[in-house]
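1. Next input, structure requested:
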Amino acid sequence: MISISVVSHGQGTLVLQLLSDLTSVSHEASFEVILTKNIPEQFPFAVDEYPFSISVIENSAPKGFGANHNQAFMRALGTYFCVVNPDIRMAENPFPKLLSVLENKNVGIVAPQVVDPGGSLEDSVRRFPTLLSLVAKLFRINDGRYSVPQDGKPYSADWVGGMFMLFRSDNYRLLKGFDESYFLYYEDVDICTRMWKTGRRVVANPEVLVIHDARRTSRHSLRYIMWHIESMLRYLIKHCWCLPRTSR
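-> The predicted model follows:
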């Protein structure tokens, strides 16, 4: 069984659409959903009307990305643990081809290719950030993303974005989940870095596509920009001088 963790920040309408997508593939996969309300809200649906189990966590105060998913993992019953954003859409069942990659015990995390609603590839599969690469990104020289291999087969990547990540639950437990000292940014980069350091690979599978209907309003908020900078500095101090080798 797959335990799917979804965190809503007042995004009940998006969650409704995601649950509809999951319902359409529920006959092909066994999963439960752990749904976290990070802020108070009324969902426009009843959790007992779906063909799979949905458990709801209501936070008394907002938590960060990592803290929310770690909290959900404590309730997870599945052999696999999947982190999914509410703004992800699934045109087809992504799980069989992702699970087939995780059959290789040397793989610790797998993710689909992510496209925007217009079908353009997003920068969800990227190389580790370094001081040099961040300067290159700032000046729009190179944003660090991987190109999809011409053969379209699964490939190793430094890190994959937190909008959709699939783990074996024992690997997530081994890492003790996300590092909660980050807040909203770089948790995904950090957990991929730590997974590589255990000797397990991070893999992107372009045979599977999901749609990311991101609003990205946070890019214009000074508070979010400061959180981003703080997390970036935390990551660089923690990992920049001891990045793992990923060419395998």
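2. which of the residues in the top helix by length along the chain are buried?
-> If you go by DSSP state H, the chain has its longest helix at helix 222-239. Going by neighbour count (16 or more other C-beta atoms under 10 Å), the buried part of helix 222-239 is 224, 227-228, 230-232, 234-235, 238-239. Quick note: C-beta positions are derived from backbone N, CA and C, even for glycine.
3. In CSV, could you pull the C-alpha coordinates for it?
-> Extracted in CSV, the C-alpha atoms of helix 222-239 (Å, rounded to 0.1, in the frame of the first residue of the first chain):
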residue,chain,number,x,y,z
LEU,A,222,9.3,39.5,1.1
ARG,A,223,8.7,37.0,3.9
TYR,A,224,8.9,34.0,1.6
ILE,A,225,12.0,35.5,-0.1
MET,A,226,13.7,35.7,3.3
TRP,A,227,12.7,32.1,4.2
HIS,A,228,14.1,31.1,0.8
ILE,A,229,17.4,32.8,1.5
GLU,A,230,17.7,31.4,5.1
SER,A,231,17.1,27.9,3.8
MET,A,232,19.6,28.3,1.0
LEU,A,233,22.3,29.4,3.4
ARG,A,234,21.4,26.6,5.8
TYR,A,235,21.8,24.1,3.0
LEU,A,236,25.1,25.5,1.7
ILE,A,237,26.6,25.5,5.2
LYS,A,238,25.4,21.9,5.8
HIS,A,239,26.3,20.3,2.5
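4. and that helix, what's its mean pLDDT?
-> For helix 222-239, mean pLDDT rounds to 83.
5. name the helices or strands packed onto that helix?
-> helix 187-197 (3 or more C-beta pairs under 8 Å, 6 or more residues apart in numbering; DSSP states H and E).
6. all strands for this protein, in order.
-> For the chain, the strands defined by DSSP state E cover 2-8, 31-37, 54-58, 80-84, 88-89, 107-115, 125-126, 155-156, 159-160, 164-168, 201-212.
7. In TSV, list those strands along with distance to Pro149.
-> Shown next, in TSV, are those (distance: least, C-beta to C-beta, whole Å):
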stretch	distance to Pro149
strand 2-8	26
strand 31-37	29
strand 54-58	37
strand 80-84	24
strand 88-89	23
strand 107-115	11
strand 125-126	11
strand 155-156	5
strand 159-160	15
strand 164-168	19
strand 201-212	7
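8. Minimum distance to Tyr146: which of those has it?
-> strand 125-126 (4.7 Å; C-beta to C-beta).
9. what residue is smack in the middle of the chain?
-> Closest residue to the average C-alpha location of the chain: Gly162 at 2.3 Å, with C-alpha atoms, centre = their mean.
10. Noted, bye for now.
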